[in-house]
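A.B. asks: sequence unknown, structure follows:
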Ligand SMILES: Cc1cc2nc3c(=O)[nH]c(=O)nc-3n(C[C@H](O)[C@H](O)[C@H](O)COP(=O)(O)OP(=O)(O)OC[C@H]3O[C@@H](n4cnc5c(N)ncnc54)[C@H](O)[C@@H]3O)c2cc1C
Ligand code: FES
């Protein structure tokens, strides 16, 4: 038994491996790449998945840190959404705060972790769209190897673990986040539309828009965004067409949304662009 | 798997498969049986350390070494007392079915935000799954409990500075 911060628990039982350090975790994953990873466990439990052997992340010190500088914040993958919300309410970008508040009822958020929310194999949650909008990146480790991936390309393989999420802290003057469809975003039909912009002296300094369809198709409109950056505001009908036209050309937009979904996606984005 | 933890201040040892829900092991000390078994209705909520969690989706292995408190064990907790006082004042019924969810939501809002804004309270109250208290009543009670708690803290600070 070991005692840390007033909590006493066995470091390991034959069934549940509870590493206390990242290096122990990586060794376990090297030995047993297929072992199920349990972070908050809410996704597993909600689906009634029972396991007799697993590796639990809640004791790994390195994964429970939130490290902040002037320009970014690194969030450990096993930081609970509740704690992140409480610690970061003042400095996290507002769209992210809004997305964290939608990750389930508050008591669920006390268990659920940001790493868990981004590692669900069946699809992505709306919080992933917002993190993508903010140009966040995920650090993924396995023994002897580290890679950084954008949020829509985490694609974990056996033996890998998501260790932290790096979120740039840039000021944005405007943002929006809309979710349509099932409360459980991965069951279709669902649609998340998010956008952010920075406006300075009546000119558009930065624009980001991201869309998630049915929890699986991500759309970013980078080219169209850069075309309208620098324009003076309000945006003209032609500028709106540049963005909305790019969206309408996306294959997922055409094939994976019904008429109502397409109308909602273009409508919310148009409304946002008009408020700038 | 053998698990040792503290439930309402009493040391417990149980034997269970690691990913079974914790709820049945907490039931005799006051964790209510919920209806959804999926973290939505919050009837089965307990405090894990100082945080409310739904015990139906809390895997048993997370109990190892933890301090768990059910509504029954919260009797002396000052924030709990303020919440109950506010519930009585506003007229929220002490319906056994709904109380854990209502209390735990109120507990979390006030412990997180100290003096929660109306927006904060509305944000949380959308998770109420009960007909025993309206959102409006709940929101009034949380505001009142927040004020009682704030006053209690101010009194304590004054006593210390004297
Ligand atoms: C009642 C309820 C309501 C909900 N409502 C909503 C909602 O409205 N909107 C919404 O977006 N979501 C909702 N959710 C989903 C919730 O946000 C997720 O269950 C949660 O974010 C998952 O986090 P976790 O830490 O519990 O993950 P876990 O259950 O621990 O893990 C999820 C998956 O990720 C893997 N994993 C976890 N951490 C890592 C890691 N660091 N590296 C590699 N793999 C990892 C696990 O192996 C598993 O496959 C709800 C959940 C519940 C229970
Ligand atoms: S049974 Fe509904 S939240 Fe636990």
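C.D. replies: That came in fine, so what should we check first? This is a predicted model, so every value here is computed, not measured. Ligands and ions are numbered 1, 2, ... in the order given.
A.B. asks: Just give the number of residues close to residue 59.
C.D. replies: Assuming you mean chain A. 22 (other CB atoms under 10 Å in any protein chain shown). In short, each C-beta sits where N, CA and C put it, glycine included.
A.B. asks: ah, I was thinking of chain B
C.D. replies: 25.
A.B. asks: likewise the one 4 residues further on?
C.D. replies: Taking other CB under 10 Å as the neighbour definition, residue B:63 ends up with a count of 25.
A.B. asks: and what of residue A:257?
C.D. replies: Neighbours around residue A:257, by other CB under 10 Å: 21.
A.B. asks: Next: residue A:26.
C.D. replies: Counted with other CB under 10 Å, residue A:26 comes out at 20.
A.B. asks: which stretches of chain B have low pLDDT?
C.D. replies: B:114 (pLDDT under 70).
A.B. asks: Domain ranges for it, per the record?
C.D. replies: B:2-73, B:76-161 (automatic domain parsing).
A.B. asks: Identify whichever of these lies nearest to ligand 1.
C.D. replies: Ligand 1 lies closest, by CB to the nearest ligand atom, to one member of the domains of chain B: domain B:2-73, at 3.2 Å.
A.B. asks: which of the domains of chain B sits most buried?
C.D. replies: domain B:2-73 (a mean of 21; mean count of other CB atoms under 10 Å in any protein chain shown).
A.B. asks: near ligand 2 at all, that domain?
C.D. replies: Yes. Using CB under 6 Å from any ligand atom, domain B:2-73 reaches ligand 2 at B:34-37, B:39-44, B:54, B:56.
A.B. asks: show me the contacts for the closest residue to residue A:130 other than its chain neighbours.
C.D. replies: Spatial nearest neighbour of residue A:130, chain neighbours left out: residue A:99 (4.1 Å); criterion: CB to CB, 6 or more residues apart in numbering or on different chains. Residue A:99 makes contacts with A:126-127, A:129-131, A:177, A:194, as judged by CB atoms under 8 Å, 6 or more residues apart in numbering or on different chains.
A.B. asks: Show me which of the residues of domain B:2-73 next to ligand 2 is closest to residue A:138.
C.D. replies: residue B:39 (25.0 Å; CB to CB).
A.B. asks: doesn't residue A:109 make contact with that closest one?
C.D. replies: No. Checked against CB atoms under 8 Å, the pair residue B:39 and residue A:109 is beyond contact range at 10.1 Å.
A.B. asks: that older thread, out of the contacts of residue A:99, which sit inside strands?
C.D. replies: Of the contacts of residue A:99, the ones assigned to strands by DSSP state E are A:177, A:194.
A.B. asks: With neighbour count added, can I get the contacts of residue A:99 in TSV?
C.D. replies: Putting these into TSV (neighbours: other CB atoms under 10 Å in any protein chain shown) gives the following:
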residue	neighbour count
A:126	23
A:127	26
A:129	28
A:130	28
A:131	30
A:177	23
A:194	28
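A.B. asks: from what I can see residue B:130 touches residue B:101, true?
C.D. replies: Yes. Residue B:130 lies in contact with residue B:101 (CB under 8 Å); the separation is 6.4 Å.
A.B. asks: ok so, going back, just flag the most distant two among the contacts of residue A:99.
C.D. replies: Among these, A:131 and A:177 lie farthest apart (CB to CB), at 11.6 Å.
A.B. asks: Pull up the residues of chain B that are close to ligand 1.
C.D. replies: Residues of chain B lying near ligand 1 (CB under 6 Å from any ligand atom): B:38-40, B:57.
A.B. asks: From those residues, pick the one nearest residue A:240.
C.D. replies: Using CB to CB, these come closest to residue A:240 at residue B:40, 39.6 Å.
A.B. asks: Let me know the helix or strand that the closest one is in.
C.D. replies: Using DSSP states H and E, residue B:40 sits within no helix or strand.
A.B. asks: Next, give phi and psi for it.
C.D. replies: phi -100, psi -40 (degrees, to the nearest 10).
A.B. asks: Tell me the residue of chain B that sits nearest ligand 2?
C.D. replies: residue B:34 (2.1 Å).
A.B. asks: what about that residue, distance to chain A?
C.D. replies: 11 Å (CB to the nearest CB, to the nearest Å).
A.B. asks: list the contacts for that residue?
C.D. replies: B:23, B:41-44, B:54, B:56.
A.B. asks: What about these, which are in helices?
C.D. replies: residue B:23 (DSSP state H).
A.B. asks: I'd like to know which of the contacts of residue B:34 is nearest to residue B:148.
C.D. replies: Of the contacts of residue B:34, the one sitting nearest to residue B:148 (CB to CB) turns out to be residue B:42, at 22.4 Å.
A.B. asks: Surely that closest one touches residue A:110?
C.D. replies: No. In this structure residue B:42 lies outside contact range of residue A:110 using CB under 8 Å: 11.5 Å.
A.B. asks: Find residues that contact each of these two.
C.D. replies: residue B:52.
A.B. asks: In what element of secondary structure is the closest residue in space to residue B:102 that isn't next to it in sequence found?
C.D. replies: Ranked by CB to CB, 6+ apart and with sequence neighbours excluded, the top spatial neighbour of residue B:102 is residue B:133, at 5.8 Å. Using DSSP H and E, residue B:133 sits in no helix or strand.
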